[in-house]
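[1] Fold the following and give me the result.
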Amino acid sequence: GCWGVGVTRYSNYMDVDTPEDGEKLSDDEIAKRLAKTKDMLEKAGAHYVIDSIADIEPVVEDVNQRLARGERP
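    The predicted structure is shown next:
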């Protein structure tokens, strides 16, 4: 098995087709869509949910610690 990581900001669930579409959204609308997307990814079984791939380092560190303890997904 493997651990699943959902990335909210660039998920299809955000319903943003182009960067220009994303720039037109208000901060409140972005926050609402991020929350909905996070919920959907968690319900779909993601072990971790992050906003951007730039946030992956702590996830990798956590997975490495879990593997060192003998945990498996």
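[2] longest helix anywhere in the chain?
    Secondary structure of the chain per DSSP state H: the longest helix is helix 27-43.
[3] Quick one: mean pLDDT for it?
    For helix 27-43, mean pLDDT is 97.
[4] Check which residues of that helix are buried.
    Neighbour counts over helix 27-43 (16 or more other C-beta atoms under 10 Å) mark 33-34, 37-38, 40-41 as buried. Glycine gets a C-beta too; all of them are placed from N, C-alpha and C.
[5] Using JSON lines, lay out the residues you listed together with distance to D62.
    Converted to JSON lines, these look like this (distance: C-beta to C-beta, whole Å):
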{"residue": "R33", "distance to D62": "26"}
{"residue": "L34", "distance to D62": "21"}
{"residue": "T37", "distance to D62": "21"}
{"residue": "K38", "distance to D62": "17"}
{"residue": "M40", "distance to D62": "22"}
{"residue": "L41", "distance to D62": "17"}
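[6] So for R66, what's the pLDDT?
    98.
[7] Please shift the residue numbers so they start at 670 in all later answers.
    Will do, 670 is the new start, and the previous item becomes R735.
[8] Ramachandran coordinates for it?
    Torsion angles at R735 (phi, psi; degrees, to the nearest 10) stand at phi -60, psi -40.
[9] what residues does stretch 714-723 touch?
    The contact list for stretch 714-723 (C-beta atoms under 8 Å, 6 or more residues apart in numbering) reads 672-679, 703, 707, 710-711, 725, 728, 731, 742.
[10] hang on, the earlier thing: work out the gap between the longest helix of the chain and the centre of the chain.
    10 Å (C-alpha atoms, centre = their mean, to the nearest Å).
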